[in-house]
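[1] The following block contains a protein sequence and its predicted model.
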Amino acid sequence: MLYEENEILIDDLPKDYMEVNFGPHHPSTHGVFRFIARVDGEKIVNIEPIIGYLHRGIEKIAENRTYIQFKPLVDRLDYTGALNNELCYCLTVEKLMDLEVPERAQAIRVICAELNRIAAHLIFFGSIGLETGAFTPLLFGFLDRENILRLLEMLAGGRLTFNYITIGGVRQDMPKGFYKKFNDFRKEFPTKLKRYEELISGNEIFINRLKNIGILKKEDLFNWGASGPTLRGSGVKFDIRKVEPYSGYEKYDFEIPVGKNGDVYDRYMVRMEEMRQSLRIVEQAVDSLPQGEFQAKIPKVLKPPEGEIYLRNEGTKGEIGFYLVSKGEKNPYRLKIRTPSFSHLNMLNFALSGTYIADAIVILGSFDTVMGSCDR
Amino acid sequence: MGFLEGKFKKPNIITVCYDKLMNAARSRSLWYLTFGVACCAIEFMAAAASHYDFERYGMFFRASPRQVDMIIISGTITRKYAPVVKRIYEQMAEPKYVVAMGSCAISGGPFYDSYSVVQGVDKVIPVDVYVQGCPPRPEALYMGLLKLKDVINRETIVVK
Amino acid sequence: MEILEFKYKKVDVQEIIEVVEKYTKPSGLLCNFFIFKDQLFCEIKREDLKKFVEILNKKPELSFEYLKCITAVDYIDYLEMVYLFYSFKNQWSINVKVKLDALNPQVDSIYEIYRAADWYEREMAEMFGINIIGHPNLKPLLLSGDEGFYPLRKSFEIKWEEREYLPPKKFE
């Protein structure tokens, strides 16, 4: 009798969860991201992401700088794809001012933005290797990235933060030796890419770590505001370069890679294929580079007319957009920056709930977030 | 001590200045923390990975602050993050060195007037070497690390 | 999973207005449309926001299922929340504006309809001091929570001068 009275079913017990803290200083959280995971054994129940460790108040600084003074700070948002940010910011201001950009400048912009996209995806290639426990991809990725940086240095004079694209064009014309250097690069890059893919894409350990992990459905991704390769990995053939073409992207012929299952492996493969497509775009743009001016005539003091505008671009991680409110003054009245990393980290609780703790870092890494762009 | 091998017939004593021996040992195996904050972290990674390669200077990455000699502050330190940096610094074992990489870590850089940025990491922890640039090239970072070797070589046990 | 494909389509802004009005008119919602540089803006009352957003999201003909971002602007006399929606199916964009009182700004949360609104609303709450009604978790997101000012309000100014470093009060 006593036994029956005290009988307790395990399911009735209040669940005892353990809290595991990751970050903000953790080698694999991509910068200064922190999350507290509530785990039930090996399974994650839910997580609480904590961001803001890199919040630099860029949006407030924008209100105190002129349009041109603010441009270098745009580089520091998503620092792996700095030129993509610059392109979006300049296009936003140009659209508000109704500025026409010369065709040569447009083509040079496409060249440098796509080269930067390859460089950013090579960092992803290195970091996803680190997350699954392989160190070699990082060394290979950075070695090849160095070649791209040398091309960009020739073009823009910088390695990471360029301040190259200006409102109305680009800062300087393409140097004479660029074509020759690029020819060397385009010959060797596809073979190298193939070698890297042979190294890890077909590796059984790598596939087992990545396949059927972190599966996300289309409808959920729409609702959580995901974009870019994360969205394409789940079988949505959506690319802002195709749907809302800007800077002459409609002239180039390229494919949009998509995944079928929406797992981490698909997101990885989408990015690897995107590198090839980006190279195709750069090749076409370099081969058909029009002659002419590289900079439109702009007034010395930029005073865009009153109005507000939202313009978005396909950044390296997803949709990057600027919401600009102008009052016809020298500095922006308000500038809101929509960054893909912010939306993707917002989704992280949803993506990680119910997965194993060993996969948490891999799923986080598959979104390829950059904290500078998330915290602003 | 390869160059002394086979020079002596009997066990022998070598006298050497203690400072020089310790400083030579310390400056040639600086282990650093994998500590990336912002943009400079990418240049820091480029300097540490292939092509530039830190390991030829005897530098090797460690993930725990307990095991490192040196921390490279690579990025903007915000008000929310500064206590974390301070705690990481306190967890490091003596002797410890700090390199402030990039203008954000030196003075706040382009975000000097922002409300949430700490104007230089030296308001939180002591800094040994400053490397300027936004971000510095890997070569500049190497120059700073060679300067750090000079800082270490100047150390002495004599009370001045 | 099947693959959804989207191609370039020319968008007629007038058509969006027609379809939106088809659904809003019967439910008595007042919308004030205006177009600026091929972008459709729609001004609505604060009380109608949730109802209006539900129409945008749920009606299959509209299916604005993607929230680009939420932002707010401080016009000193009043605050304004701007919601940017996108419809994958039709490739339509609509920017919904809501005017808020400057002294006591409050607005309904749309977190239940769009999950993406979660952090955007939290950000606006701490940056502008807007009270988001119905949001489940209104903790500070980007700041440490003891600043004592709303950074993106126009009344707060930043200066080019040296500041003392004050550690945040709360540090876990």
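    On my side now, so go ahead. Values in this document were obtained by computation on a predicted structure and should not be read as measured data. Numbers count the residues shown, from 1 in each chain, chains lettered A, B, ... in the order given.
[2] Identify the residues contacting the helix ranked longest in chain B?
    For chain B, the longest helix by residue count, based on DSSP state H, is helix B:138-153. If you take CB atoms under 8 Å, 6 or more residues apart in numbering or on different chains as the criterion, helix B:138-153 is touched by B:23-24, B:26-27, B:30, B:43-44, B:46-47, B:52, B:57, B:59, B:70, B:72, B:97, B:99, B:101, B:128-133, B:136. Every C-beta, even on glycine, is put in place using the N, C-alpha and C of the backbone.
[3] Go again with 7 Å.
    Residues outside helix B:138-153 that contact it (CB atoms under 7 Å, 6 or more residues apart in numbering or on different chains) are B:23, B:26-27, B:43-44, B:46-47, B:52, B:57, B:97, B:99, B:101, B:128-129, B:131, B:133.
[4] Surely B:F61 touches B:L30?
    No: contact between B:F61 and B:L30 fails when scored by CB atoms under 7 Å: they sit 10.8 Å apart.
[5] neighbour count winner among those two?
    Counted by other CB atoms under 10 Å in any protein chain shown, B:F61 and B:L30 do not tie: B:L30 has more neighbours, with 20 against 16.
[6] Which secondary structure element is home to A:V101?
    Using DSSP states H and E, A:V101 maps to neither a helix nor a strand.
[7] actually B:A24, sorry about that
    Using DSSP H and E, B:A24 falls in helix B:18-28.
[8] From the rest of the structure, what touches the next helix or strand after that helix?
    As assigned by DSSP H and E, the chain's next helix or strand after helix B:18-28 is strand B:31-33. For strand B:31-33, the external contacting residues (CB under 7 Å, 6+ apart) are B:59-62, B:65, B:67-72.
[9] Likewise for stretch A:221-232?
    A:234, A:238, A:256-259, A:267, A:270-271, A:274, A:314-315, A:317-319, A:340, A:343-344, A:346-347, A:350, A:367, C:65-67, C:88, C:114-116.
[10] Excluding chain neighbours, what is closest to the residue positioned nearest the centre of chain A?
    In chain A, the residue lying closest to the centroid (CA atoms, centre = their mean) is A:K317, at 2.0 Å. Spatial nearest neighbour of A:K317, excluding adjacent residues (CB to CB, 6 or more residues apart in numbering or on different chains): A:P340 at 4.3 Å.
[11] My read is that the one you found contacts A:E319, right?
    Yes: A:P340 is within contact range of A:E319, at 5.7 Å (criterion: CB under 7 Å).
[12] ok, the two, which is more surrounded?
    A:P340 (29 against 24).
[13] Pull the contacting residues for the more buried one.
    A:P340 sits next to A:227-228, A:315, A:317-320 when contact means CB under 7 Å, 6+ apart.
[14] Flag every residue of the stretch 1-150 of chain A that's near chain B.
    Residues of the stretch 1-150 of chain A that fall close to chain B, judged by CB under 7 Å from any CB of the partner chain: A:24-25, A:27, A:31-32, A:52-57, A:60-61, A:64, A:72-73, A:76, A:79-80, A:138-139, A:142-143, A:146.
[15] so what's A:M272 up against?
    Contacts for A:M272 (CB under 7 Å, 6+ apart) come out as A:197, A:201.
[16] Can you pull out the low-pLDDT segments for the chain?
    All of this is about chain A. Flagging of chain A using pLDDT under 70 yields the residue ranges A:1-15, A:29.
[17] ah, I was thinking of chain B
    Low-confidence segments of chain B (pLDDT under 70): B:1-2, B:160.
[18] could you pull out the helices for it?
    Under DSSP H, chain B gives helices at B:18-28, B:39-48, B:82-91, B:102-107, B:138-153.
[19] any chance of those in JSON lines, with mean neighbour count too?
    JSON lines is the format used below for these (neighbours: other CB atoms under 10 Å in any protein chain shown):
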{"stretch": "helix B:18-28", "mean neighbour count": "14"}
{"stretch": "helix B:39-48", "mean neighbour count": "25"}
{"stretch": "helix B:82-91", "mean neighbour count": "17"}
{"stretch": "helix B:102-107", "mean neighbour count": "25"}
{"stretch": "helix B:138-153", "mean neighbour count": "17"}
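[20] nearest to A:V286, of those helices?
    With CB to CB, the closest approach to A:V286 among the helices of chain B belongs to helix B:39-48: 24.8 Å.
[21] Would you mind listing what in the stretch 1-150 of chain A touches chain C?
    Close to chain C, as judged by CB under 7 Å from any CB, the stretch 1-150 of chain A has residues A:51-52, A:55, A:57, A:59-60, A:64, A:95.
[22] So which bits of chain B are right by chain A?
    B:34-39, B:41-43, B:45-46, B:49-51, B:63, B:76, B:78, B:80-81, B:84, B:88, B:110-111, B:113-117, B:134-135, B:137.
[23] The same query, at a cut-off of 6 Å, please.
    B:34, B:36-39, B:42-43, B:46, B:49-51, B:63, B:76, B:78, B:80-81, B:84, B:88, B:110-111, B:114-117, B:135 (CB under 6 Å from any CB of the partner chain).
[24] Chain C now?
    Residues of chain C lying near chain A (CB under 6 Å from any CB): C:1, C:3-6, C:8, C:36-37, C:65-67, C:69, C:71, C:73, C:84, C:115-116, C:118-119, C:142, C:151, C:158.
[25] In strands, which of those fall?
    C:4-5, C:36, C:66-67, C:69, C:71, C:73, C:84 (DSSP state E).
[26] Show the contacting residues for A:E59.
    A:L335 (CB atoms under 6 Å, 6 or more residues apart in numbering or on different chains).
[27] Can I get the host helix or strand of A:L221 as CSV, trimmed to CA atoms?
    Assigned by DSSP H and E, A:L221 belongs to helix A:218-224. The C-alpha trace of helix A:218-224 is given here as CSV (Å, rounded to 0.1, in the frame of the first residue of the first chain):
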residue,chain,number,x,y,z
LYS,A,218,10.2,27.1,-46.7
GLU,A,219,7.1,28.4,-44.9
ASP,A,220,9.0,28.7,-41.6
LEU,A,221,11.9,30.5,-43.3
PHE,A,222,9.4,33.0,-44.9
ASN,A,223,7.9,33.7,-41.6
TRP,A,224,11.2,34.2,-39.8
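[28] what comes up buried for that helix?
    A:218, A:221-224 (16 or more other CB atoms under 10 Å in any protein chain shown).
[29] same thing with stretch A:128-140?
    Under 16+ other CB under 10 Å, the buried positions of stretch A:128-140 are A:128-132, A:134, A:137-138, A:140.
[30] ditto for stretch B:27-36
    In stretch B:27-36, counting by 16+ other CB under 10 Å, buried: B:27, B:30, B:32-36.
[31] tell me the SS of the closest residue to A:E153 other than its chain neighbours?
    The shortest distance from A:E153 to any non-neighbouring residue, by CB to CB, 6+ apart, is to A:R159 (5.9 Å). Here A:R159 takes the coil state, with states given by DSSP: H, G, I helix; E, B strand; the rest coil.
[32] neighbours of A:R159, just the number please.
    For A:R159, the count of nearby residues is 21 (other CB under 10 Å).
[33] And for A:I61?
    22.
[34] so which strand or helix has it?
    Counting by DSSP H and E, the element that carries A:I61 is helix A:58-62.
[35] next SSE after that helix?
    Along the chain past helix A:58-62, the next helix or strand (assigned with DSSP H and E) turns out to be helix A:67-75.
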